[in-house]
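Student: got a predicted structure plus its sequence, pasted below:
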Amino acid sequence: MAKKKILNPDWPRAGRAGFAMGTQIGDTVYVAGQVAQDPDGNVVGEGDMTAQSRSVFANIEAVLKQAGATMDDVVKITTYVTDMDKYADFDAVRREVFPKAEMASATVACTRMVKPECLVEVETIAVIGSGS
């Protein structure tokens with residue numbers, strides 16, 4: 001049976017989080033919900049869904065890199081959005097990040113994040129080597 005590997009980029013906030021930024025079991029990578037935070041935990045792009053979405057996907061990419069995975073290996077994302085009126089801004093960034101749309105996706109409207117300034121959070125599942 002494959003052992004669990006903890007994935008934490010070299011971010012100061014990773015050590016304070018109380019959970020792993022990601023875990024890997026065999027070739028499957030589970031990325032914890034990422035919000036728009038810099039490595040120190042400061043919110044990026046307050047009030048700006050586009051800027052926050054870019055930050056979220058950059059954070060996901062950094063966690064995947066720890067496992068040797070890429071964004072092409074993503075098979076599923078679950079997105080939480082606090083303001084569905086700004087969803088189109090998130091969707092535009094998602095389409096840039098995943099131009100082939102080769103992953104399953106779900107979006108959930110929620111009232112707020114752990115940090116109230118955050119507008120979007122994305123959980124990710126990837127399978128190493130599955131992408132193009």
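Tutor: It's in.
Student: longest helix in this structure, please.
Tutor: helix 49-66 (DSSP state H).
Student: helices or strands up against the lowest-mean-pLDDT helix or strand in the chain?
Tutor: Least confident helix or strand of the chain, by mean pLDDT, DSSP states H and E, is helix 12-16 with a mean of 78. Taking 3 or more C-beta pairs under 8 Å, 6 or more residues apart in numbering; DSSP states H and E as the contact definition, helix 12-16 has no neighbouring helices or strands. (Glycine included, C-beta is placed from N, CA and C.)
Student: and it, which residues are buried?
Tutor: For helix 12-16, the neighbour count (16 or more other C-beta atoms under 10 Å) marks 13-14 as buried.
Student: other residues contacting it?
Tutor: In this structure, residues lying in contact with helix 12-16 by C-beta atoms under 8 Å, 6 or more residues apart in numbering are 8, 21, 37, 39-41.
Student: now a PyMOL select for only the buried ones of the residues you listed.
Tutor: Buried members of the contacts of helix 12-16 can be picked out in PyMOL with the line below, counting by 16+ other C-beta under 10 Å:
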select buried, resi 8+21+37
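Student: of the contacts of helix 12-16, which is the nearest to residue 128?
Tutor: The shortest approach to residue 128 among the contacts of helix 12-16 belongs to residue 21, at 16.3 Å (C-beta to C-beta).
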